[in-house]
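Engineer: Sequence first, then the predicted structure, then my questions.
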Amino acid sequence: MAKRSVVPFGPQHPVLPEPIHLDLVIEDEKVVEAIPNIGFIHRGLEGLTDKKDFKQMTYVIERTCGICSFGHGLGYVETIEHIMNAEVPDRAKYLRTIWAELARMHSHLLWLGLIADAFGFESLFYQAWRIRERVLDCLELTTGGRLIFSVLEPGGVLRDINSDQEKEILTQLASVKEELRAVEKTFLLDYSVQTRLKGVGVITKEKAHDLGCCGPVARASGLSYDMRKLGYEAYGNLDFEPIISKEGDSYSRCQVRIQEIYQSIDLIRQAFAKMPEGDLAVPVKGNPNGEYFTRIEQPRGEAIYYVKANGTKKLDRFRLRTPTFSNLAGLCEMLKDCEYSDVGILCVTIDPCISCTER
Amino acid sequence: MSEVINPGNTMETIPLEDLLEEVMKRKHQGMRFDQACAAFVDGKFELSYSFSDDDAYSFDTLRVVVDDLARQIPSVSVIYPCASFYENEMRELFGCQIEMIGFDYKEKLYRLNVETPMLPEAGKAALKEALAAATEKSVPGSTVDAADVEVETDEGGAQ
C-alpha cells in the first residue's frame, strides 16, 4: 500500500479565486480524502441586523459579494415584500429580471475565464473576460455600477431602463452572442481542454441529490431544478426550461454554464419585449412583522434568504444560505479519487464564492 | 410561457424529541436537505431545518424551539451528512448544544475569536448559566461553577 500523506492546499493558491483551505490526504498522486476549511474572511454581516434597519440592510446584503450582489439584494427585498404583502409593479419585476440575468451572464463569463486560467489557457481567459466587459458595460449604463448596483428597494426599483439604453443592451448582447460562439468552440471542442475537463470530478445524479448540490453543479449531474421555475419576478411570464447535462463531470459543468449564458440573452430579449410601462415602485409603509424563506436562482445556484421580523425597524434574524455552502459537500465528493493535478480545476468547477459563504 | 411550479412554503413546529424521526421521514420521501439555521428569539433557540422536493419544488421547514439553552440537540448529520456544515455553523455562531455532528469542526468552522457572536449579551449570560446548571446536575453535590473550571491540557497549562 502506498504511503499516505496530508498536503495542505490553499487558502492562498494561484488557481483559487477566494480563500479556501483543503487538507488533502494523498496516496501517490491520488487524492483519497479532502477536508475543507473555511473561516478566513468571516465578516458577520448577518449580525448587523441589530445595528441597521431593514431598509439599510438591503445595501449591506448587496455587499456580501461582488459577483452575486444583485441576487442577494433581490432575495432579501423579495422576502421583506412577502412579509409586508407589498405588490411590486410589473415593470419593476421585469427590470429586476433583466438585471438578474445580466448578473448571471457576467458571473458565468467570469467563471469561464477562471476555469481557462485554471487549466492554463491564458488567451482563453482573456477572451472570456473581454466578452464579460460588454455585460459590465450594460450594467454600468443602466445602474451606474459595475458590480454593486444599489437599484433595489423593498417595493420596487430605484432606476428605469429607457429605450436608448434598451437598444444599446440588445446590440451588446448580439455581440456577446457572436463572440461567445467563437470562444465556445474552444471551450467545448478543443482537444487539450477536453483532456482537462472530460471525466474529471464526476458526481452522479444520486450523489448530487444526497449531498444537497444546487445550481449548475446539480444540473450538470442531471438534476433539473432551477428556482426560476418558481416564477418569481417576471420569470413566470418568460419561456425557458432548465439546462441540464447528464455526465456530471467538469466538462458538463462548463457546458451548462455556457448554455445558460445563451439562455440569459434569450430571457433578457423576452423580458424587454414583454415589459409594460408603469411605476417603478410602491411605497412600503411600516415595519415588517413575521418570517419567511425565499429561494432564488443565483448564478451559482439556489440561494435561500430567511427573515424573521418583529414589527420594529430592526430584524430579529436575517440568514443567507449561499449556493457554495451547499456545494461544499459536493466538492469533497468530487475530490475523492481525483489526481492531485486536478484539485485546482475541481475547486473552480463548483464556482466557489467564499465571500458569500462566510458572509 | 413555461410552466410555473410554486407550491409555496410550509412550516411545522415539532418537539425536539421528534426531530430525527421527522427528518428520517423526509429522507425516505426522497427530499433534499436544503438548509438549517438557528435564531435566538425571546430567550429561546429557534432551529429551522428545511427540505425540498425537487420535482414539486416544495419547501418544507421543520421548526424546533429549544427553551433550555443547555439542552443537547441531536445532529441530523447521521441522516443527511451534508447537514454537518450547517450544524457546525449553528453551534459556533449561537452556541446551540448540537451533539455528535458527523464532521465536527469543534467550533472552528469560521475560526472566530468571539464566542457565540450571534447571541446578544443577555443570551450569552443565559447560555452560560444554563450550561453551569446542567454541569451541576450531571455532577450531584458539585458547587463548582462550570465556567470557572480550568481544564488541564497536554502541556500542563490551563485553557
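Structural biologist: Good, I have the coordinates. Predicted model only: the values in this text are computed from it and were never measured.

Engineer: Now do the helices in the chain.
Structural biologist: This is for chain A. For chain A, applying DSSP state H gives helices covering A:56-62, A:69-83, A:90-118, A:122-143, A:163-189, A:191-197, A:205-210, A:215-219, A:250-274, A:323-335, A:343-349, A:354-358.

Engineer: wait, chain B
Structural biologist: So, for chain B - with DSSP H - the helices run B:19-28, B:83-94, B:121-138.

Engineer: Can you tell me how far the nearest residue to residue A:17 once chain neighbours are set aside is from chain B?
Structural biologist: Among residues not flanking residue A:17 along the chain, residue A:114 sits closest, at 5.7 Å (C-beta to C-beta, 6 or more residues apart in numbering or on different chains). (Each C-beta comes from the backbone N, C-alpha and C, glycine too.) Noted for residue A:114: a distance of 23 Å to chain B, by C-beta to the nearest C-beta, to the nearest Å.

Engineer: and residue A:114, how many residues sit next to it?
Structural biologist: 19 (other C-beta atoms under 10 Å in any protein chain shown).

Engineer: Isn't it up against residue A:350?
Structural biologist: No. At 11.4 Å, residue A:114 does not count as touching residue A:350 under the criterion of C-beta atoms under 8 Å.

Engineer: looking at the helices of chain B, which is closest to residue A:281?
Structural biologist: Evaluated over the helices of chain B, closeness to residue A:281 peaks at helix B:83-94, with 33.9 Å, by C-beta to C-beta.

Engineer: Touching the closest one from outside, list them.
Structural biologist: The contact list for helix B:83-94 (C-beta atoms under 8 Å, 6 or more residues apart in numbering or on different chains) reads A:325, A:328-329, B:33, B:35-40, B:45, B:47, B:49, B:75-77, B:96-98, B:101-105, B:107-110, B:112, B:116-119.

Engineer: Over that helix, what's the mean pLDDT, rounded is fine.
Structural biologist: Mean pLDDT, computed over helix B:83-94, is 89.

Engineer: Same list as before, the helices of chain A that is, but in a markdown table and with mean pLDDT included.
Structural biologist: Converted to a markdown table, the helices of chain A look like this (pLDDT from 0 to 100):
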| stretch | mean pLDDT |
| --- | --- |
| helix A:56-62 | 89 |
| helix A:69-83 | 91 |
| helix A:90-118 | 93 |
| helix A:122-143 | 92 |
| helix A:163-189 | 92 |
| helix A:191-197 | 89 |
| helix A:205-210 | 89 |
| helix A:215-219 | 91 |
| helix A:250-274 | 94 |
| helix A:323-335 | 85 |
| helix A:343-349 | 86 |
| helix A:354-358 | 77 |
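
Engineer: ok, and which of those helices has the densest surroundings?
Structural biologist: helix A:215-219 (a mean of 29; mean count of other C-beta atoms under 10 Å in any protein chain shown).

Engineer: pLDDT below threshold where in chain B?
Structural biologist: Scanning chain B for pLDDT under 70 picks out the ranges B:1-6, B:139-159.

Engineer: who in it is up against chain A?
Structural biologist: B:1-6, B:9, B:30, B:32-35, B:37, B:39-41, B:46, B:48, B:50, B:52, B:54, B:57, B:59, B:61, B:80-82, B:84-86, B:105, B:108-112, B:117-118, B:120 (C-beta under 8 Å from any C-beta of the partner chain).

Engineer: Please pick the buried ones from these.
Structural biologist: B:6, B:9, B:32-35, B:37, B:39-40, B:46, B:48, B:50, B:52, B:54, B:57, B:59, B:61, B:80-82, B:84-86, B:105, B:109-110, B:117-118 (16 or more other C-beta atoms under 10 Å in any protein chain shown).

Engineer: Now intersect the residues you listed with the strands, please.
Structural biologist: Residues of these located in strands (DSSP state E): B:9, B:32-35, B:37, B:39-40, B:46, B:48, B:50, B:52, B:59, B:61.

Engineer: can you pull the contacts of residue A:269?
Structural biologist: Counting by C-beta under 8 Å, 6+ apart, residue A:269 has contacts A:170, A:173.

Engineer: Residue B:16 and residue A:321, how far apart?
Structural biologist: Here residue B:16 is placed at a distance of 22 Å from residue A:321 (C-beta to C-beta, to the nearest Å).

Engineer: And these two? Which one has more around it.
Structural biologist: Ranked by neighbour count (other C-beta under 10 Å), residue B:16 and residue A:321 place residue A:321 first, with 26 against 17.

Engineer: Please look at the more buried one and residue B:35 and confirm they touch.
Structural biologist: Yes. Under the criterion of C-beta under 8 Å, residue A:321 makes contact with residue B:35 at 4.2 Å.

Engineer: Please enumerate the shared neighbours of the two.
Structural biologist: residue A:304.

Engineer: What's the end-to-end length of stretch A:182-200?
Structural biologist: End-to-end distance of stretch A:182-200: 24 Å, with C-alpha to C-alpha, to the nearest Å as the criterion.

Engineer: for it, the distance to its chain's centre please.
Structural biologist: Mean C-alpha position of stretch A:182-200 versus that of the full chain (C-alpha atoms, centre = their mean, to the nearest Å) differs by 22 Å.

Engineer: got the contact list for it?
Structural biologist: For stretch A:182-200, the surrounding residues in contact (C-beta under 8 Å, 6+ apart) are A:112, A:116, A:119, A:121, A:124, A:127-128, A:131, A:247, A:249-251, A:254-255, A:258, A:338, A:342, A:345-346.

Engineer: Within reach of chain B, which of those are there?
Structural biologist: Of the contacts of stretch A:182-200, not one also sits near chain B (C-beta under 8 Å from any C-beta).

Engineer: give me the residue from the stretch 101-250 of chain A nearest chain B.
Structural biologist: residue A:231 (3.4 Å; C-beta to the nearest C-beta).

Engineer: Could I get the pLDDT score of that residue?
Structural biologist: Per-residue pLDDT puts residue A:231 at 89.

Engineer: Can you report how many residues neighbour it?
Structural biologist: Using other C-beta under 10 Å, residue A:231 is surrounded by 18 other residues.
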